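**Q** Here is a sequence together with a model predicted from it:
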Amino acid sequence: MQNLRKSVAEISGRPGGYQDLRVKTSLTGVFVGLSEITDAPVRATLRAESVMEGILVTGRLRASASSQCARCLRDVASNVDLDICELFAASGHEPPGGQDPYRVDGLEIDLEPMLRDALGLALPLRALCRQDCPGLCARCGQDLADASCDCAQDEPDPRWAALDSLRKELESRPGRTATG
Ligand SMILES: [Zn+2]
Ligand SMILES: [Zn+2]
């Protein structure tokens, strides 16, 4: 894996100074629900810019994700493509709002936690292989995109069928009437 700790010694404390950073690395273990970042390289084209509060990192991040369809569990491949804009706070600069920011660590910034967070937020929570995926039959598990099944929609609910047979059984019992 590429070292994602980047020196900002050249620009640190010189507001207006910037440097471009290119990242190409695999980041495994980023997943949300049924989606995860594949081990194909994550690519980012970033600019680190020295600002009063620290180092502002902006740019673009691309990766590929693989998910399972929330209805039929087929594999779904997708691309993640997002804009990055994150502040790495210099020591002594607490950002307003009390969020816990990324921090400039000495003369370095560590891009890895920021990239992992951004990728995690970009993953689909609920992927579908296609918008009208019919999913699996709740009774027999047949993938309804491939074929219909024999579980007709108007078949009686199995819970009613059980009550029905109970009623028949009670009716057929002899001798339990009020006449006794
Ligand atoms: Zn599906
Ligand atoms: Zn079925």
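**A** Cool, got the structure. Ligands and ions are numbered 1, 2, ... in the order given.
**Q** Spell out which parts of the protein neighbour ligand 1.
**A** By the rule CB under 5 Å from the ion, the part of the chain lying against ligand 1 is 69, 71, 72, 74, 129, 133. Where you see a C-beta, it was placed from the backbone N, CA and C, and this is true even at glycine.
**Q** of those, closest to residue 164?
**A** In terms of CB to CB, no member of the residues of the chain next to ligand 1 lies closer to residue 164 than residue 71, at 31.4 Å.
**Q** and the closest one, helix, strand or coil?
**A** coil (DSSP: H, G, I helix; E, B strand; the rest coil).
**Q** re earlier: would a markdown table of the residues of the chain next to ligand 1 with pLDDT and distance to ligand 2 be doable?
**A** Formatted as a markdown table, the residues of the chain next to ligand 1 follow (pLDDT from 0 to 100; distance: CB to the ion, whole Å):
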| residue | pLDDT | distance to ligand 2 |
| --- | --- | --- |
| 69 | 96 | 18 |
| 71 | 95 | 14 |
| 72 | 96 | 13 |
| 74 | 95 | 17 |
| 129 | 95 | 19 |
| 133 | 96 | 16 |
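**Q** Out of those, which is nearest to residue 37?
**A** Nearest to residue 37 among the residues of the chain next to ligand 1, with distances taken as CB to CB, is residue 69, at 17.6 Å.
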